[in-house]
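A.B. asks: Quick one: sequence plus predicted model below, questions after.
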Amino acid sequence: MADSTRKIERVQLGVRMEKNLVKVLKGLAEFNDETLGELLERVVYHSFDPVPGDEGESCASPHSKRQLAAIETLRSTYGLSSDVHEPRTFERDLTEDGADLTENDDEN
């Protein structure tokens, strides 16, 4: 049987996120016995997979029922009350670490 792992190149990146969200993510990564980076990769990849027939409206969830229960516990523990739409109302982070790079996309 062939090896099911694939070698990839990972890069270090600095991002700024809501403090309690980071606590929940770290707790979930620990719950899943994975690194924070692995969790974020999995979540982002799943967000790219549309639900057939509901494209653009919903995406596949990478979380099992057990993980979703753990997420609710972690949200309560760390006081994360924001819902999926609330980040749209958050103040933009224009600090050096959270620089808005959208204006320089042509450099990539």
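C.D. replies: Looks like it arrived, so ask away.
A.B. asks: what's the burial count for S64?
C.D. replies: By other Cβ atoms under 10 Å, 10 other residues sit near S64. In short, each C-beta sits where N, CA and C put it, glycine included.
A.B. asks: next one: G27
C.D. replies: Neighbour tally, G27, other Cβ under 10 Å: 17.
A.B. asks: Quick check: it touching T77?
C.D. replies: Yes - here G27 reaches T77: they are 7.5 Å apart, a contact under Cβ atoms under 8 Å.
A.B. asks: Quick one: list the elements packing against the lowest-mean-pLDDT helix or strand in the chain.
C.D. replies: Least confident helix or strand of the chain, by mean pLDDT, DSSP states H and E, is helix 36-47 with a mean of 92. Packing partners of helix 36-47 (3 or more Cβ pairs under 8 Å, 6 or more residues apart in numbering; DSSP states H and E): helix 19-32.
A.B. asks: Just the buried residues of the helix it packs on, please?
C.D. replies: 20, 23-25, 27-29, 32 (16 or more other Cβ atoms under 10 Å).
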